[in-house]
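# Sequence and predicted structure, then a few things I'm wondering about:
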Amino acid sequence: MAEFKFLGYLAEVVGAQGENLVLDKPTPLRKVLPSSFPEKNIIILIDEKVGNLDSLIENKNSIIIMPMLSGG
Amino acid sequence: MKGYAGKLLRVNLSNGKVMKEEIPDSTKRDFLGGRGFAVKLLWDEVKQIDPLSEKNKIIFSTGPLTGQGLPSSGKMVIASKSPLTGGYGDGNIGTMASVHLKKAGYDVVVVEGKSEKPCCLLIEDENVKIVDASDLWGKDTFEAQDLLEKKHGKNSGILLIGPAGENQIRISTVMSQKGRAGGRPGMGAVMGSKNLKALVIKGTGNVTNFDDGKLKELTKKGYEEIKGKESYEFWMKQGTMQAFEWSNENACLPTYNFREGVFEFSKEMDGYVLEQLHAGRKGCPMCNMQCGHIIKDTSGQEAELDYENVGMLGPNIGLRDLRQVALLNRMADEWGLDTISLGSCIGFLMEASENGLIPEKIKWGDFEAAQKLTVEIGKGEGLGKLVSHGVKAASETIGKGSQKWAMQVKGLEISAYNCHACPGMALAFGTSPIGAHHKDAWIISWEIANDRFSYDKSKVEKLIEFQRIRGGFFESATVCRLPWVEVSFGLDRYPEYLEAITGEKRSWEDLYKLGDRIYNLIRAFWIREVPSFGRKWDYPPERWFEDTQSEGKVKGIKVDRQKYEQMLSWYYELRGWDQNGIPLKETLDRLGLKDVSKEIIG
């Protein structure tokens, strides 16, 4: 099972702040995200390492996707 | 040049003299406005004086984009020689005063001298008067704002100080519209030292622009573009408070005086809690993405919250109730105290108490004690007196190793990002030209998106790029950076705005050079005003080099001192400064600052 966490407005794009997915095989991240998911100005961490939408994810991965914020 | 009101208003409070001066086109071209005008004036006119003496000057400065109806353009810069840091100090504020100032026919107001008694500067187009304000002295910024609005009209542009500014507390700011604040490095104290309680500005004219038709079209498109951004709706719900969850997730939320980066009670006070408590929204003029979120505090009064004040008055002092934080925030606004520095001062005292360095017992999260301290700091009495000059001065007074966790750079308290594991952001705080502030270069998001643990030269290059855009362009234009940084509004719009307003084409390359000129002049001001100024002034606090966080994903990590030194050396090299952080003659000459190089280099 891969564990997802979405921060900020990205949680609204997906419709959840977090979700778990069971994957049959290593899968590009973009394949499990909605087609409307933004491609720019986002931060992707897979097991705390920087990833991208083409990174392959698999069960046991922890994926955090958050917006590039400025904090004011 | 079009797009400017064209005049500088100079008011001397000692002799009551009022002068109106033309602003040369060369100054407009080379320094643009806002921060650029301010540092040029301070460099030329304020030399080696006591910041709280009548020889200091305080500058209220707009830019060509200010008040033009463009997205988030209701800003001005307030600048002076800082009584908190001893160097260049400024802050921007969103206020109707900026809009009115240009309508009244002025881009800049310079206030010098000192009034014998409390006064208010009243600017109504051509008519400028210094009027008695004894009846307002001692009143908080909410009550004084009400009284001034009653007297001069609700839509007047008002800038004022609270009792903290009157008492010349060095972490006091200038306030406007009950909650807008600007001038973290003690700009409130400078007004107080001049017995200047308020400025009231009413303008009825209009600035002539190069192409009003084009400007109108671009303005309309700009607002529409902002509203259409995919993150806009969420921004309107949480504003900068979305950074609370973000910072906690990334273990950089300032917690217990920056000892930790994860707050165990964060879920009780994050942006989602703010949404539930939401009672309204406030913002600056000409903004369709207002950032001030209002909730009712524990006394039932309205208070305006954003990430910085919640971070610093919440986790940083161990407070976990958003309504309690709101009360402290409202108190700070009433007194005219900077909320970031206030949170840092209270956190410093709590840690000092825990370590037995002061006899008073103040526990983390003690709401009653935090309220009492806020009042004492505003008055400069009791324990508040110890931190009323900021945490740097307080740590020098109590010693015993407390300098290590006095969370400041150049004397200005660090804003709400803990950087044990964000070396790029630590360097951003280290090299910020007013002391530690996020406004000049918020690189933390970029570094987490790339490699937060690296100390690469590319990180330093990115930092300088951000400083050029944020601290150079936005602070001088003078407009709010939030449309760009928060909802990804296009940077390319700004040269288009400048051209429609001034008639001059400027590329981002030109604007970077402008930013470099401003940064170098600020640096020169520090060098001239602070005899010991040099490399050691660009270091973050020892806590980030020596301590590690005990919890969270960056547990056990600290800033590597040697690698920080390397990044700082690259920073100097890229800036064209020597290894002590002093601009090289050729750098200043290249930027058209030959007179400056003569004065500081010879």
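Sure thing, it's come through.
# Which pLDDT value belongs to the spatially most central residue of chain A?
The centroid of chain A falls nearest to A:Ile65 when counting by CA atoms, centre = their mean (4.3 Å). What the model reports as pLDDT for A:Ile65 is 98.
# A strand includes it, no?
Yes - applying DSSP: H, G, I helix; E, B strand; the rest coil, one finds A:Ile65 inside a strand.
# bridging residues for it?
In this entry, A:Ile65 is beta-bridged to A:Phe6, A:Ile44, by DSSP bridges.
# In this structure it contacts A:Tyr9, no?
No - A:Ile65 lies out of contact with A:Tyr9 (CB atoms under 8 Å); the separation is 11.1 Å. Quick note: C-beta positions are derived from backbone N, CA and C, even for glycine.
# on that earlier part again, quick one: contacts for the residue nearest to the centre of chain A?
Taking CB atoms under 8 Å, 6 or more residues apart in numbering or on different chains as the contact definition, A:Ile65 lies against A:4-7, A:10, A:42-45.
# Can you show me the helices along chain A?
A:9-14 (DSSP state H).
# which bits of it sit near chain B?
A:5, A:7-9, A:12-13, A:38, A:40-43, A:45, A:48, A:50, A:64, A:66-72 (CB under 8 Å from any CB of the partner chain).
# Which members of those residues are classed as buried?
With burial judged by 16 or more other CB atoms under 10 Å in any protein chain shown, the buried subset of those is A:5, A:7-9, A:13, A:38, A:42-43, A:45, A:64, A:66-72.
# Low-confidence ranges, chain A, go.
Scanning chain A with the threshold set as pLDDT under 70 gives A:70-72.
# In it, what residue spans correspond to strands?
Counting by DSSP state E, one finds strands in chain A at the ranges A:2-6, A:18-21, A:27-28, A:42-46, A:49-50, A:56-57, A:62-67.
# just the stretch 101-250 of chain B next, same as before
B:108-112, B:119-124, B:127-132, B:157-160, B:174-176, B:180-182, B:196-202 (DSSP state E, counting those that start in this stretch).
# Just list what the fifth one packs against, helices and strands only.
Here strand B:174-176 touches strand B:88-94, helix B:141-152, strand B:157-160, strand B:180-182, helix B:187-193, going by 3 or more CB pairs under 8 Å, 6 or more residues apart in numbering or on different chains; DSSP states H and E.
# can we see that at 6 Å?
Other helices and strands packing on strand B:174-176, by 3 or more CB pairs under 6 Å, 6 or more residues apart in numbering or on different chains; DSSP states H and E, are strand B:157-160.
# ok, B:Lys404 touching B:Pro540?
No - using CB atoms under 6 Å, B:Lys404 makes no contact with B:Pro540, being 11.2 Å away.
# For the two, indicate the residue with more neighbours.
Between B:Lys404 and B:Pro540, counted using other CB atoms under 10 Å in any protein chain shown, B:Pro540 has the larger neighbour count: 23 against 15.
# quick one: secondary structure of that one?
B:Pro540 ends up coil, using three-state DSSP.
# List the contacts of it.
With contact set as CB atoms under 6 Å, 6 or more residues apart in numbering or on different chains, B:Pro540 has these partners: B:409, B:426, B:429-430.
# What is the neighbour count of the residue in the stretch 201-350 of chain B that chain A sits nearest to?
With CB to the nearest CB as the measure, B:Phe234 is the residue of the stretch 201-350 of chain B nearest to chain A, at 3.3 Å. If you count neighbours by other CB under 10 Å, B:Phe234 ends up with 21.
# Which pLDDT does the model give it?
95.
# Let me see the contact set for it.
When contacts are counted by CB under 6 Å, 6+ apart, B:Phe234 touches A:9, A:12.
# Same question for B:Pro433.
Counted by CB under 6 Å, 6+ apart, B:Pro433 has contacts B:Ile522.
# Relative to chain A, how far out is it?
18 Å (CB to the nearest CB, to the nearest Å).
# How about B:Leu593?
Following CB to the nearest CB, the distance that separates B:Leu593 from chain A is 30 Å.
# B:Arg35 versus that residue, what's the distance?
Distance, B:Leu593 to B:Arg35, by CB to CB, to the nearest Å: 15 Å.
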